[in-house]
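Chemist: pasting a predicted model and its sequence here:
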Amino acid sequence: WPPHRSLEEHFATEARRLADEAGPSEQADAGLGIKMIRLADTEPALRTAWLMACDQVERELAGVIATRLKAVGRNSEA
């Protein structure tokens, strides 16, 4: 996530890139991922694993965002 790009711009750029560059294997993986997310609604063990993974990612993302916000705060004070 380049510092000069907003999170929204980065997601949009990456989504376009993945759509353009994804081969059959990557497309199949994305489809399986979507099915797994859907199954989490009815499979408690899968839902537990999914929530644990999301929690870990959220903690890591919070650190990234905090770092970015501190950098923006320093730049705006200068």
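Modeler: Everything's here; your move.

Chemist: use CA for all of it now, contacts and neighbours both
Modeler: Fine.

Chemist: list the buried residues in the top helix by length along the chain.
Modeler: The longest helix of the chain (DSSP state H) is helix 44-77. Neighbour-count burial for helix 44-77, counted by 16 or more other Cα atoms under 10 Å, picks out residue 47.

Chemist: now do the helix or strand of the chain with the lowest mean pLDDT: distance to the chain's middle.
Modeler: Each helix and strand of the chain was given a mean pLDDT (mean pLDDT, DSSP states H and E); the minimum falls on helix 44-77 at a mean of 84. With Cα atoms, centre = their mean, to the nearest Å as the basis, helix 44-77 stands 9 Å off its chain's centre.

Chemist: try stretch 34-48
Modeler: The answer for stretch 34-48 is 18 Å, by Cα atoms, centre = their mean.

Chemist: with only the CA atoms kept, save it in CSV.
Modeler: Presented in CSV, the C-alpha positions along stretch 34-48 are these (Å, rounded to 0.1, in the frame of the first residue of the first chain):
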residue,chain,number,x,y,z
ILE,A,34,-16.2,-17.2,-1.6
LYS,A,35,-17.8,-20.6,-1.1
MET,A,36,-15.8,-21.0,2.1
ILE,A,37,-17.0,-17.7,3.4
ARG,A,38,-20.6,-18.7,2.6
LEU,A,39,-20.2,-22.0,4.4
ALA,A,40,-19.1,-20.2,7.5
ASP,A,41,-22.8,-19.1,8.0
THR,A,42,-23.8,-22.8,8.6
GLU,A,43,-20.6,-24.5,9.8
PRO,A,44,-19.6,-23.4,13.3
ALA,A,45,-16.0,-24.8,13.2
LEU,A,46,-15.4,-23.0,9.9
ARG,A,47,-16.9,-19.8,11.3
THR,A,48,-14.6,-20.0,14.3
